[in-house]
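Engineer: A predicted structure for the sequence below; I have some questions about it.
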Amino acid sequence: MENQWHAYWDRLEEHIIFRVEAADYVTRLEAALGLEPGARVLDFGCGFGFVGELLAPRVAELYAFDASDQMQRRAQLRLASHANVRFLGPPGTTPWPAGLRFDLILVNSVVQYMPLDELQQWLGRWRAMLAPGGHVVLSDLLTHDVDPLREVVELLVLSARRGCLMSVVRKALGELRQYTKTRRVRPLSQIAFGDLRERAGRLGLAVDVLPSNLTYKNARATAVLSMPATDP
């Protein structure tokens, strides 16, 4: 990811809205795809570990990775009590275990911060780490320009529904100003489904677009990239 986004994530503080967003995401994920108790899962872009905290009791093994050192350290503290959780270091400096295969790779709210050449590299890496019949779930995809104000309203609606509206108004909306500033300097990446299908198809992955996104951001999308049950 670009340096501007690295700097943004490294200075970001934890907030209740991240826990709320995580609970909403996991609820939608389980309803859309289910979670197999015996699954080995990679939470790619684990953030502060709120999603991992909910997933760990539901799956056999959970691996986590985040490009932000600060976020990964906080996630390690949050998930330290879960014996089935492992963390992966930066692949350029810490080689990932050879032969590691996942039934499910979750990439939630990450792709929009990647240039397309970086996405292509990760598609190949995720493909190499998939078990036969496994899935890569790309959530919060931007396929067109979205209205930032609409997404703020959606955030407030989610906050009100989960009982933390005032906390979000006081804290998270202030953080949105810094997010918007960073976004102006380094715009979010968009991807067309046709392009995604072409890129994934070259790797032997099928692409299905879910009827709705797996987060509260309704103008964005979720795509599921699937490995054949019998890997050629």
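Structural biologist: Looks like it arrived, so ask away.
Engineer: which residues touch stretch 100-108?
Structural biologist: Stretch 100-108 is contacted by residues 25, 29, 33, 35-36, 39-45, 51, 59, 63, 126, 129-131, 133-140, 214-215 when judged by Cβ atoms under 8 Å, 6 or more residues apart in numbering. No exception for glycine: its C-beta is placed from N, CA and C like everyone else's.
Engineer: what helix or strand does the nearest residue to Phe87 once chain neighbours are set aside sit in?
Structural biologist: In space, Phe87 comes closest to Ala64 once its chain neighbours are excluded; the distance is 5.3 Å by Cβ to Cβ, 6 or more residues apart in numbering. Per DSSP states H and E: Ala64 is located in strand 61-65.
Engineer: after that strand comes which helix or strand?
Structural biologist: Assigned by DSSP H and E, the successor of strand 61-65 is helix 69-78.
Engineer: other SSEs contacting the helix or strand following that following helix?
Structural biologist: Counting by DSSP H and E, the next helix or strand C-terminal to helix 69-78 is strand 85-87. Packing partners of strand 85-87 (3 or more Cβ pairs under 8 Å, 6 or more residues apart in numbering; DSSP states H and E): strand 61-65, helix 69-78.
Engineer: okay, those in JSON lines with distance to Arg186, mean neighbour count and mean pLDDT next?
Structural biologist: Formatted as JSON lines, these follow (distance: least, Cβ to Cβ, whole Å; neighbours: other Cβ atoms under 10 Å; pLDDT from 0 to 100):
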{"stretch": "strand 61-65", "distance to Arg186": "21", "mean neighbour count": "22", "mean pLDDT": "97"}
{"stretch": "helix 69-78", "distance to Arg186": "18", "mean neighbour count": "17", "mean pLDDT": "93"}
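Engineer: would JSON lines of these with distance to Thr222 be doable?
Structural biologist: Formatted as JSON lines, these follow (distance: least, Cβ to Cβ, whole Å):
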{"stretch": "strand 61-65", "distance to Thr222": "20"}
{"stretch": "helix 69-78", "distance to Thr222": "22"}
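Engineer: which one of these lies nearest to Phe18?
Structural biologist: Closest to Phe18 of these, according to Cβ to Cβ: helix 69-78, at 10.0 Å.
Engineer: center of the protein, which residue is that?
Structural biologist: Asn108 (1.8 Å; Cα atoms, centre = their mean).
Engineer: how about that one, phi and psi?
Structural biologist: Main-chain torsions, Asn108, degrees, to the nearest 10: phi -100, psi 120.
Engineer: could you give the bridge partners of it?
Structural biologist: On the basis of DSSP bridges, Asn108 is bridged to Ser139.
Engineer: which pLDDT value does the model give it?
Structural biologist: For Asn108, the pLDDT comes out at 97.
Engineer: name the helices or strands packed onto the helix or strand bottoming out on mean pLDDT in the chain?
Structural biologist: The helix or strand of the chain with the poorest confidence is helix 173-185; it has a mean of 73 (mean pLDDT, DSSP states H and E). Helices and strands in packing contact with helix 173-185 are listed as helix 3-11, helix 148-161; criterion 3+ Cβ pairs under 8 Å, 6+ apart.
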